[in-house]
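Peer 1: I'd like to go over a predicted model; first the sequence, then the structure.
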Amino acid sequence: MVRHRVSRPWPVLPVGGELLTVAGKAGKRPGMAHVGRDLQARELRERATAAMEQAYAPYSNFHVGAALLGSDGSITEACNVENAAFPAGTCAERAALAAAIARGVRTFQSITIVTSAEVPTPPCGMCRQALIEFSPDLEIVSVTRSGQEARWILSDLLPFAFTPRSLDRTND
């Protein structure tokens with residue numbers, strides 16, 4: 001049986017509350033005062049929630065939906081899809097990334113993740129690695145069904161990442 005938990009508590013935002021960063025410093029939500037940004041954040045959350053409802057997770061019962069905001073303003077949503085051959089499953093974040101890439105979008109501003117967990121859950125390591133190649137400064141918003149929310153910047157979750165620049169042999 002899979003247990004729904006994270007390894008340590010993450011900063012959680014009450015609706016309308018102050019942002020607590022991973023470092024624990026308080027601050028106002030950046031850019032969230034603007035009405036257009038609020039509407040966009042709501043749409044991302046709604047689309048990620050709708051995608052989560054379509055998740056195929058009969059083995060872990062851990063349902064995830066993701067809505068990825070492209071730098072061009074497009075939104076691509078996806079859900080996790082498990083498989084009896086466990087390595088063949090796909091996380092919602094990577095499914096959304098692949099769909100956006102197939103449409104020609106290559107840079108992203110934000111990803112909203114909605115999960116069936118009791119606390120906001122960051123992307124797994126494989127998803128972090130896939131996303132960082134395209135947008136190291138990606139804002140990650142994780143939301144639970146009950147409305148708890150946490151935010152991170154991708155490069156903070158994956159410091160010293162292996163990127164295309166790591167393959168540059170002239171850095172030797």
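Peer 2: That came in fine, so what should we check first?

Peer 1: following element in sequence after the top helix by length along the chain, please.
Peer 2: In the chain, assigned by DSSP state H, the helix with the most residues is helix 35-53. Using DSSP states H and E, the helix or strand that directly follows helix 35-53 along the chain is strand 64-70.

Peer 1: show me the contact partners of that following strand.
Peer 2: Residues from elsewhere that reach strand 64-70 (CB atoms under 8 Å, 6 or more residues apart in numbering): 40, 43-45, 47-55, 57, 75-80, 91-93, 95-97, 100, 105, 107-116, 121. C-beta here means a position set from N, CA and C on the backbone, and glycine is covered the same way.

Peer 1: can we see that at 6 Å?
Peer 2: For strand 64-70, contacts defined as CB atoms under 6 Å, 6 or more residues apart in numbering pick out 44, 47-49, 51-52, 55, 75-80, 92-93, 96, 100, 105, 108-115.

Peer 1: one more: stretch 75-95?
Peer 2: The contact list for stretch 75-95, computed with CB under 6 Å, 6+ apart, reads 47, 51-52, 54-57, 59, 64-69, 96, 99-100, 123, 127, 130.

Peer 1: what about it, distance to the chain center?
Peer 2: Distance, stretch centre to chain centre, for stretch 75-95: 13 Å (CA atoms, centre = their mean, to the nearest Å).

Peer 1: end to end, how far does it reach?
Peer 2: Distance across stretch 75-95, first residue to last, is 13 Å (CA to CA, to the nearest Å).

Peer 1: in that stretch, which residues are buried?
Peer 2: Under the neighbour-count criterion of 16 or more other CB atoms under 10 Å, stretch 75-95 has 75-82, 89-95 buried.
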